[in-house]
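> what's the 3D shape of this:
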Amino acid sequence: MRGLHTYFAYGSNLCVQQMAQRCPDARNPQRATLADHDWLINERGVATVEPFAGSEVHGVVWQVSDRDLATLDSAEGVPVRYRRDELTVRTDNGPSPAWVYIDHRVEPGPPRPGYLERILAGARHHGLPGRWIQFLERWDPAHWPQRRDNADAGAPQSLSELLRDPAISEESMLRSRFGFMAIHGGGLEHMTDVIAERAADAAGASLYVVRHPDRYPHHLSSARYDPAQSPRLQEFLDHVDVVVSLHGYGRLGRSTHLLAGGRNRSLAEHVARHVDIPGYRVVTDLD
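Residues are numbered from 1 along each chain as shown. Below you'll find the model as predicted:
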């Protein structure tokens, strides 16, 4: 072994058994983080990272030999499948340059069979943070929402029918002419009601919320919220001039994206320019 190289592993090379077979000279794994990058499994079913201000990726740095580095280049398919970049990672001993393998394909997809299990085993073995392991676990397709064949059989078909359910509560507060709404609060869009309520309180704005119980199985589409079926909703809409309506939103592998949607695109663009939350990205592309 001539020189030693610092290599940052964030995917299946967290697995000590895999590294022992692939890179027998690898030694001294240490926990490390890569700042301003996001982690995902892409359309090839393998992990990669992409630049993302405010986010960080957890992994370990290995010390590998020249021979190990050549083996990694071959195993990762450099330069076709992955490229090898030198980036700065942070360990308990401070910042350090490290080799990082990056696939430029960043369309999220499900992991290859057995792939995520190796990543999770390695993450647990190295003692990566519990919240990071929970994030990795969410990439298991078994945890993804499944489309139901006879979706929402027996679900309410109108706002009046929804509000007749004693488990559903409707609340409003009239203050300024600017308002916040969360019509699917709780249930499938957990916390949207809390966010709307806190934002309205902070801004002195008006508020309209429909709260669903935890694990409520049905979703009444926004188009069916007819104010003619709710005096409280009608009163709220008559009072406000501008409304921000909060909804749950998700794209596979994009849990840190916030969508500024709605018909008022100029307002959406304005909101997107003024919302700055570290680790999150505001998107306005409705497609």
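> point out where the chain drops to low pLDDT.
Applying pLDDT under 70 to the chain picks out residues 1-2, 143-153, 187-188, 249-256, 277-280, 286-287.
> all strands of it, in order?
Secondary structure of the chain by DSSP state E: the strands cover 4-9, 27-41, 47-65, 83-91, 94-102, 169-173, 178-186, 206-212, 242-245, 257-259, 281-283.
> and the third one, C-alpha only, in PDB?
What follows is strand 47-65 as a C-alpha-only set of coordinates in PDB (Å, rounded to 0.1, in the frame of the first residue of the first chain):
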ATOM      1  CA  ALA A  47     -27.900   6.200  -4.300                       C
ATOM      2  CA  THR A  48     -26.400   9.500  -5.400                       C
ATOM      3  CA  VAL A  49     -26.100  13.000  -4.100                       C
ATOM      4  CA  GLU A  50     -26.900  16.400  -5.700                       C
ATOM      5  CA  PRO A  51     -26.100  20.000  -4.600                       C
ATOM      6  CA  PHE A  52     -28.800  21.300  -2.300                       C
ATOM      7  CA  ALA A  53     -28.100  24.400  -0.100                       C
ATOM      8  CA  GLY A  54     -28.800  23.800   3.600                       C
ATOM      9  CA  SER A  55     -29.100  20.000   3.400                       C
ATOM     10  CA  GLU A  56     -26.500  17.500   4.500                       C
ATOM     11  CA  VAL A  57     -25.700  13.800   3.700                       C
ATOM     12  CA  HIS A  58     -24.500  11.400   6.400                       C
ATOM     13  CA  GLY A  59     -22.000   8.700   5.800                       C
ATOM     14  CA  VAL A  60     -18.600   7.500   6.700                       C
ATOM     15  CA  VAL A  61     -15.100   8.100   5.400                       C
ATOM     16  CA  TRP A  62     -12.800   5.200   4.700                       C
ATOM     17  CA  GLN A  63      -9.100   5.200   4.200                       C
ATOM     18  CA  VAL A  64      -8.400   3.200   1.000                       C
ATOM     19  CA  SER A  65      -5.300   2.200  -0.900                       C
END
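> determine how far that strand lies from the middle of the whole chain.
17 Å (C-alpha atoms, centre = their mean, to the nearest Å).
> same question, the first one
Offset of strand 4-9 from its chain centre (C-alpha atoms, centre = their mean): 28 Å.
> which elements pack onto that strand?
Where contact means 3 or more C-beta pairs under 8 Å, 6 or more residues apart in numbering; DSSP states H and E, strand 4-9 is packed against strand 27-41, strand 47-65, helix 66-75, strand 83-91, strand 94-102. C-betas here are computed from N, CA, C, even on glycine.
> closest one to Thr6 among these?
strand 94-102 (4.3 Å; C-beta to C-beta).
> buried ones in the closest one?
98-102 (16 or more other C-beta atoms under 10 Å).
> same check on stretch 154-168?
Across stretch 154-168, burial judged by 16+ other C-beta under 10 Å covers 156, 159, 162-163, 168.
> check stretch 9-20 too.
For stretch 9-20, a neighbour-count test (16+ other C-beta under 10 Å) marks 9-16, 18-19 as buried.
> any idea how far Val64 is from Thr91?
Distance of Thr91 to Val64, computed by C-beta to C-beta, to the nearest Å: 15 Å.
> how long is stretch 87-106 end to end?
Counting by C-alpha to C-alpha, to the nearest Å, you get 19 Å between the two ends of stretch 87-106.
> then stretch 174-183?
In stretch 174-183, first residue to last residue: 16 Å (C-alpha to C-alpha).
> check the offset of that stretch from the chain's centre.
That offset, for stretch 174-183, works out to 27 Å (C-alpha atoms, centre = their mean).
> repeat for stretch 196-216
Distance, stretch centre to chain centre, for stretch 196-216: 22 Å (C-alpha atoms, centre = their mean).
> same deal with stretch 185-199?
With C-alpha atoms, centre = their mean, you get 17 Å for stretch 185-199.
> go on, stretch 184-200?
17 Å.
> and for that stretch, what's in contact with it?
173, 175, 179-182, 205-207, 209-216, 219-220, 222, 244, 246-248 (C-beta atoms under 8 Å, 6 or more residues apart in numbering).
> do that again at 7 Å, thanks
With C-beta atoms under 7 Å, 6 or more residues apart in numbering as the test, stretch 184-200 has contacts from 173, 180-182, 206-207, 209-214, 216, 219, 246-248.
> what's the answer for stretch 40-50, then?
With C-beta under 7 Å, 6+ apart as the test, stretch 40-50 has contacts from 10-11, 34, 37-39, 57, 102-103, 105-112, 115, 119, 139, 253.
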